[in-house]
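Undergrad: Structure for the following, please:
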Amino acid sequence: MAVIETETRGHIFIITLNRPESRNAIDGAMAAGIEAALDTFENNDDLRAGVIAANGPVFCAGADLKAISSGAGRDLSTERGGFGGIVRRERRKPLIAAPAGPALAGGCEIVLACDLIVAGEAARFGVPEVKRSLVPAAGGLFRLPRAVGMAAGMELLLTGDPIEAVRAYELGLVNRVVPTTDVREAALALAGRIAANAPLAVQAARGIAARSVTDDDATLWRDSTQAIRDLAKTEDFREGPRAFVEKREPVWKGR
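TA: Down below sits the predicted model:
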């Protein structure tokens, strides 16, 4: 049985965690599988947006403690992607997390590594590491306060207590909350709205926006100006206005 399943729907790529009997806890095979799936996603110019979902009632419970206790803990990370093959991965394309159930510890950090989140009503988010004399070192220590604000972020990090999906939405962590059975399709619908846009423009916008909380304004102004200059050299830059004038849907080529 493949621990990572992939599927293509038009311009959308779906990555599914498939160890439901282990609450989709990350082991070496899953980390390698996620990295390989992201390679496929990033290297195929026809794929414009991605969704990462999971089979079973739990999105991801974090690291597989059995793997760690057996001495295989280092295999839970990859050289390029870090934990789960994803949390430190450099990406160009937007990725939507679609947790229908709990995303805890490293599972929460995988969600935080994505660009948008569509959550089911049964989803919960938390980093309980301090309850076991650990810290969420796969990005949670800084991505969580950035996502929900310092006050709420500190509370989550220092208590280790999880929050429900609706509270995550209120804090701005989650884009939308939907019935649990509708999570995947709602995420695909959002991905479809993104994939309908000019892919190079989407990638440029994502890349700069992702650095908006880390880079200074001078750098962001410079890179924004360079982005529009680069786009002006592409076929898609000419196709957008042409399609508008001709009153038709644009045909993007990604070049």
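Undergrad: could you pull out the helices for this protein?
TA: Assigned by DSSP state H, the chain shows helices spanning 28-43, 65-69, 106-112, 140-148, 150-159, 165-170, 183-195, 199-209, 217-231, 235-245.
Undergrad: got a markdown table for these, with mean pLDDT too?
TA: Formatted as a markdown table, the helices of the chain follow (pLDDT from 0 to 100):
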| stretch | mean pLDDT |
| --- | --- |
| helix 28-43 | 97 |
| helix 65-69 | 76 |
| helix 106-112 | 98 |
| helix 140-148 | 97 |
| helix 150-159 | 98 |
| helix 165-170 | 98 |
| helix 183-195 | 98 |
| helix 199-209 | 97 |
| helix 217-231 | 96 |
| helix 235-245 | 91 |
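Undergrad: so which of those helices is the most packed in?
TA: Highest mean neighbour count among these (mean count of other Cβ atoms under 10 Å): helix 106-112, with a mean of 28. C-beta coordinates here come from the backbone N, C-alpha and C atoms, glycine included.
Undergrad: So which residues make contact with it?
TA: Here helix 106-112 makes contact (Cβ atoms under 8 Å, 6 or more residues apart in numbering) with 24, 26, 52, 58-63, 76, 83-84, 86-87, 97, 99, 103, 117, 125-127, 136, 138-140, 143-144, 147.
Undergrad: start to end distance for stretch 39-57?
TA: End-to-end span of stretch 39-57 (Cα to Cα, to the nearest Å): 27 Å.
Undergrad: how about it: buried residues?
TA: Phe41, Glu42, Leu47, Arg48, Ala49, Gly50, Val51, Ile52, Ala53, Ala54, Gly56 (16 or more other Cβ atoms under 10 Å).
Undergrad: Tell me who's in contact with the third one.
TA: If I follow you right, that is Leu47. By Cβ under 8 Å, 6+ apart, the neighbours of Leu47 are Thr8, His11, Ile12, Phe13, Thr40, Phe41, Lys93.
Undergrad: and if you look at the second one?
TA: For Glu42, the contact set (Cβ under 8 Å, 6+ apart) comprises Arg91, Arg92, Lys93.
Undergrad: Next, format those as JSON lines and append pLDDT and neighbour count.
TA: What follows is the contacts of Glu42, written out as JSON lines (pLDDT from 0 to 100; neighbours: other Cβ atoms under 10 Å):
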{"residue": "Arg91", "pLDDT": "96", "neighbour count": "19"}
{"residue": "Arg92", "pLDDT": "96", "neighbour count": "13"}
{"residue": "Lys93", "pLDDT": "98", "neighbour count": "22"}
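Undergrad: Redo those residues as JSON lines? Include distance to Thr180.
TA: Compiled in JSON lines, these are given as follows (distance: Cβ to Cβ, whole Å):
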{"residue": "Arg91", "distance to Thr180": "27"}
{"residue": "Arg92", "distance to Thr180": "31"}
{"residue": "Lys93", "distance to Thr180": "27"}
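Undergrad: With respect to Leu156, which of the residues you listed is nearest?
TA: If you rank these by distance to Leu156 using Cβ to Cβ, Arg91 comes first, at 24.7 Å.
Undergrad: Looking at the record's assignment, how would you partition this structure?
TA: Using automatic domain parsing, the domain parsing of the chain gives 4-195, 199-245.
Undergrad: Just give me the neighbour total for the nearest residue to Ala29 once chain neighbours are set aside.
TA: Distance criterion Cβ to Cβ, 6 or more residues apart in numbering; nearest residue to Ala29, sequence neighbours excluded, is Val3 at 5.0 Å. By the criterion of other Cβ atoms under 10 Å, Val3 has 19 neighbours.
Undergrad: Val3 against Arg19, yeah?
TA: Yes: Val3 is within contact range of Arg19, at 5.2 Å (criterion: Cβ atoms under 8 Å).
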